[in-house]
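> have a look at this prediction, sequence included:
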Amino acid sequence: MNQSTLTDLITSSIRNDQKAFRKIVEGYQSMIYSLAFRMLSNEEEAKDTVQETFIKVWMNLQAYNSEKKFSTWIYAIATNLCLDKLKSKKHNFQENAIDNTVLNLISSENIEQSFINSELGNIIRKLTSELTPKQKIVFTLRYLEEIEIDEISQITGMTPNKIKSNLFLARQTIRRKLESL
Amino acid sequence: MENKEEKLDTLLHKLSKTAPELTDAEMLTEKIMQKIKVKDIPRKPAVLIWIRAVSGTAAVLLLGLFLFQQVEPGTIASTTKQPGHPEIRINIDSVCLKNINSQATSMMALYMCHLQQNSIKNKLYKTIDQQLKN
């Protein structure tokens, strides 16, 4: 989606044009799903996060500053939602995750892709299980989504130095985890 | 050590290239659009935001004007002589206090005088004044 089309769609959406907003959803939902899945390692929670993100986008579209990248703004909304979920779900995560994975496999039409997603979720979960929510956020954004530190700083509101120190600690923890496998 | 770092980098690279795929994208889009339509989520119109900002500023200015009018010009004075610790006293009813010095005045008379001196037309004053006259 090029910038002028996106600007038109945003302007129309601000004027309550739901068709225009649908195009924005269609254009960005895979990107947000990928981010949320990598952070939460769970398909259902990732889909819920996508829905919550776009509802927030719809409600706050007039507050979007067009001088900034739209993807950065939308990433920031999704990241904050993921961070809230990571902070709140620590105690019952494992059990729910397994339940949801089984349910997804039963109900999924594309079982192959569901298996791939499930395996990918398991690997990411195992690697990042000992990271703090903030370390997990910056680790996912930098190493899995391959976003530059300056943009991560805009997304998370953290300083570049804070991001680097979180990344260093995350790498150390994951390396230790790999050695123990 | 380098070998371990390389292994980690390889693993992270592979994970970054294996993006999770959204299996039922259309259904998810539909759900989002339904939530927006069904709930009819209220959006703050841009005009309301401006009205809120302007009325907020006006309220602060009016409050400032009100406080300014309550203080008689020239009645703010420094009373303590200690350098670095000025104490400001606001004397609202200086005329009334002068009357106390010149003649024996009751508290009620002082209060009436205060109401008379007040710049705002006070209905309470009129009522009390009428009651006293009657």
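Looks like it came in fine.

> so which helix or strand takes in A:Glu67?
Using DSSP states H and E, no element contains A:Glu67; it sits outside every helix and strand.

> excluding covalently adjacent residues, which one is nearest to residue 20?
No chain was given, so I picked chain A. Of all residues not flanking A:Ala20 in the chain, A:Ser12 sits nearest, at 3.6 Å (CB to CB, 6 or more residues apart in numbering or on different chains). From N, CA and C alone the C-beta is placed, and that goes for glycine too.

> try again with chain B
In this structure, B:Pro20 finds its nearest non-sequential neighbour in A:Phe37, 4.2 Å apart by CB to CB, 6+ apart.

> immediately after the helix or strand hosting the one you found, which helix or strand?
When elements are assigned from DSSP H and E, A:Phe37 belongs to helix A:18-40. Where DSSP H and E defines the elements, the next helix or strand beyond helix A:18-40 is helix A:43-60.

> run the chain-centre distance for that next one.
Remark: helix A:43-60 is offset 10 Å from the chain centroid, using CA atoms, centre = their mean, to the nearest Å.

> ok so, going back, can you list the helices and strands that the helix holding A:Phe37 packs against?
Here helix A:18-40 touches helix A:3-14, helix A:43-60, helix A:70-88, helix A:111-128, helix B:25-39, going by 3 or more CB pairs under 8 Å, 6 or more residues apart in numbering or on different chains; DSSP states H and E.

> the same query, at a cut-off of 10 Å, please.
helix A:3-14, helix A:43-60, helix A:70-88, helix A:111-128, helix A:133-139, helix B:25-39 (3 or more CB pairs under 10 Å, 6 or more residues apart in numbering or on different chains; DSSP states H and E).

> wait, B:Thr23 sits on A:Glu44?
No - counting by CB atoms under 10 Å, A:Glu44 is not a contact partner of B:Thr23; they are 11.8 Å apart.

> okay, those two: which has more neighbours?
More neighbours surround B:Thr23 than the other of B:Thr23 and A:Glu44, with 20 against 15 (other CB atoms under 10 Å in any protein chain shown).

> the residue nearest to B:Pro20: how many residues sit nearby?
27.

> which parts of chain B are helices?
Here chain B has its helices, by DSSP state H, at B:2-17, B:25-39, B:46-70, B:94-102, B:107-117, B:123-133.

> mind giving me JSON lines with these and columns for mean neighbour count and distance to A:Ser153?
Shown next, in JSON lines, are the helices of chain B (neighbours: other CB atoms under 10 Å in any protein chain shown; distance: least, CB to CB, whole Å):
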{"stretch": "helix B:2-17", "mean neighbour count": "12", "distance to A:Ser153": "20"}
{"stretch": "helix B:25-39", "mean neighbour count": "15", "distance to A:Ser153": "29"}
{"stretch": "helix B:46-70", "mean neighbour count": "10", "distance to A:Ser153": "27"}
{"stretch": "helix B:94-102", "mean neighbour count": "13", "distance to A:Ser153": "59"}
{"stretch": "helix B:107-117", "mean neighbour count": "14", "distance to A:Ser153": "59"}
{"stretch": "helix B:123-133", "mean neighbour count": "10", "distance to A:Ser153": "60"}
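
> mean pLDDT for those: which is lowest?
If you rank those by mean pLDDT, helix B:94-102 sits at the bottom with a mean of 64.

> for chain A, which spans come out with low pLDDT?
A:89-111 (pLDDT under 70).

> one more time with 50
A:91 (pLDDT under 50).

> who's in contact with the nearest residue to A:Lys56 once chain neighbours are set aside?
Spatial nearest neighbour of A:Lys56, chain neighbours left out: A:Ile77 (5.2 Å); criterion: CB to CB, 6+ apart. Neighbour list for A:Ile77: A:Ile32, A:Thr49, A:Glu52, A:Thr53, A:Phe54, A:Ile55, A:Lys56, A:Val57, A:Asn60, A:Ile155 [criterion: CB atoms under 10 Å, 6 or more residues apart in numbering or on different chains].

> could you do A:Glu112 as well?
When contacts are counted by CB under 10 Å, 6+ apart, A:Glu112 touches B:Glu21, B:Thr23.

> how does chain B divide into domains?
What automatic domain parsing lists as the domains of chain B is B:46-90, B:93-134.

> number of residues surrounding A:Leu167?
A:Leu167: 18 surrounding residues under other CB under 10 Å.

> scratch that, A:Ile147 is what I was asking about
Neighbourhood size, A:Ile147 [other CB under 10 Å]: 19.

> quick one, what contacts the residue nearest to it when sequence neighbours are not counted?
Among residues not flanking A:Ile147 along the chain, A:Leu141 sits closest, at 4.8 Å (CB to CB, 6+ apart). Neighbouring residues of A:Leu141 by CB under 10 Å, 6+ apart: A:35, A:38-39, A:75, A:79, A:147-149, A:151-152, A:155-156, A:163, A:167.

> lovely, talk soon.
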